[in-house]
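> Return a 3D structure for these sequence lines:
(2 chains)
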Amino acid sequence: MLLNVLALLQEPAAAAAAGKGYALIGAGLAAGLAVLGAGVGIGRIGGQAVEGMARQPENSARIQTAMIIAAALVEGVALFAAVVAFVMQGKVQF
Amino acid sequence: MSRLGPRCVIAVLLALAGRTATAQERAPAPRPSNEIDIMEHLGNSHSIELPSWKAPYYVVKQLPRLPPIHVGGVTIDLSPTRHAVFLTLAAVLVALVFLYTSRGVARAQAQGRPPRGFAAAMEAMVLYIRQEVILPNVGPHGEGYVNYLLTVFFFILTCNLLGLLPWSATPTSNIAVTGAMALVSFAVIEISGMRALGLNGYLGTIFFLPAGLPTLLKPVMLVIMTPIEIIGKLAKPFALAVRLFANMTAGHVVVLALIGLTFFFQSYLVGVAASAMATGIMLLELFVAFLQAFVFTLLTSVFIGLMRAEH
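As a prediction, the model looks like this:
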């Protein structure tokens, strides 16, 4: 595998190829940063939901349903970015 | 007339799935032998893999290609593709399971006892979705929407679960399929609004004018708020489609990438570790299959309830 990496490093880096490499870096950053946002959002939702259930255990079922709804909505938005990243990396042809 | 609607939906889905297949067949790049082609496994194609007795335990069967139909200026290719075959399989499965279940439940109720076994399990799921998800959210007198929403839930669930079996495909990992389902949900939501509010009330949700606004500000309000309201109406089903599509595709991409690690490193140790991780991801995929069907149904019922309760 190291030989493959060395061969890639020594390929003549034409200006056109450099642009396509940047596109792939952008796609990776898009997917990663989207996961960051989703993690923070869903973590907060989960934390507040568990805290609410601890305060009033008789409402646990309703709180859990609301938590699932909110988590699915936040995750849907993060997956928009993942889809964009996927389309970007699919369009790159070396 | 009652069977015309579902047949139109199925025809639309088949046509769209065929177009997606031809679009994704263009020019796959030649791959070195230690990599697997993720998009070929996930995307639509004109072949299906059937299990067989001989190693490597599957055969690739080419699906029949039908001649394209020219309607007006549009060419429609109705040849069955992999996703279309699995869509039909999911529809047949849901129909058979619930015909069997309803007969069992009816027979038990005629004898004055609750149903047992598989029929009881299906009845429990149906009742949970009906009582806890659909009826509280669509508002008063919402029993008419229960049929459509239960169909959506079980159809999406079956499509998602089919993708977890070996050598099968997930129909809902095709944006055309989820787009068509979101389109039908959009139609149900808007028509429910038109029926509950009347035409004037429904147009009031688009051209939004709060009461007590000075007459000079009314055109300003209309010009600013109308595009926002229209985009809001279109964004909700778009989000439904993309959420389901992305969840299904992303799960399978992760599993295929982990399995592909084994082939990339050509090592047994990596194979064991990668398969353990892939098993964990597949369990998460099982949960996500149920959750995404639940969320699609829940959000559609919430949107229907919001439209009906505008007054």
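
> my guess is A:L24 contacts A:Q89, does it?
Yes. A:L24 lies in contact with A:Q89 (Cβ atoms under 8 Å); the separation is 6.0 Å. C-beta here means a position set from N, CA and C on the backbone, and glycine is covered the same way.

> So, low pLDDT: which residues of chain A?
Residues of chain A that meet the criterion pLDDT under 70 lie in A:1-18, A:94.

> any idea which residue sits dead centre in it?
Relative to the mean C-alpha position of chain A, the nearest C-alpha, by Cα atoms, centre = their mean, is the one of A:V35, at 3.0 Å.

> Name the nearest residue to that residue, ignoring sequence neighbours.
Spatially, and ignoring its direct neighbours in sequence, A:V35 is nearest to A:A78 (6.6 Å; Cβ to Cβ, 6 or more residues apart in numbering or on different chains).

> ok now the helix or strand hosting the one you found, how far from the chain's centre?
Assigned by DSSP states H and E, A:A78 belongs to helix A:60-91. The chain centroid and the centroid of helix A:60-91 are separated by 9 Å under Cα atoms, centre = their mean, to the nearest Å.

> ditto for stretch B:274-282
25 Å.

> is chain A contacted by it?
No. Applying Cβ under 8 Å from any Cβ of the partner chain, one finds stretch B:274-282 out of contact with chain A, separated by at least 14.8 Å.

> got the buried residues for the helix holding A:A78?
By neighbour count with 16 or more other Cβ atoms under 10 Å in any protein chain shown, helix A:60-91 contains the buried residues A:63, A:65, A:67-72, A:74-76, A:78-79, A:81-86, A:88.

> what do you get for stretch B:136-152?
B:137-139, B:142, B:145-146, B:148-152.

> And for stretch B:176-194?
Going by neighbour count (16+ other Cβ under 10 Å), the buried part of stretch B:176-194 is B:176-186, B:188-190, B:192-193.

> ok, now stretch B:120-131?
Buried residues in stretch B:120-131 (16+ other Cβ under 10 Å): B:122-123, B:126, B:129.

> Now, the residues you listed that are in strands?
Nothing among the buried residues of stretch B:120-131 maps onto strands, per DSSP state E.

> on that earlier part again, what's the spacing between the residue nearest to A:V35 and A:Q48?
Per Cβ to Cβ, to the nearest Å, A:A78 is found 18 Å from A:Q48.

> cool, B:L78 as well?
Counting by Cβ to Cβ, the gap between B:L78 and A:Q48 amounts to 50 Å.

> I'd like to know which elements the helix ranked longest in chain A is packed against.
Longest helix in chain A by number of residues (criterion: DSSP state H): helix A:15-55. Helix A:15-55 is packed against helix A:60-91, with contacts defined by 3 or more Cβ pairs under 8 Å, 6 or more residues apart in numbering or on different chains; DSSP states H and E.

> Mind giving me the packing neighbours of the helix it packs on?
Counting by 3+ Cβ pairs under 8 Å, 6+ apart, helix A:60-91 packs on helix A:15-55, helix B:217-265, helix B:268-308.

> wait, what's in contact with A:M53?
By Cβ atoms under 8 Å, 6 or more residues apart in numbering or on different chains, the contact set of A:M53 is A:59-60, A:63-64.
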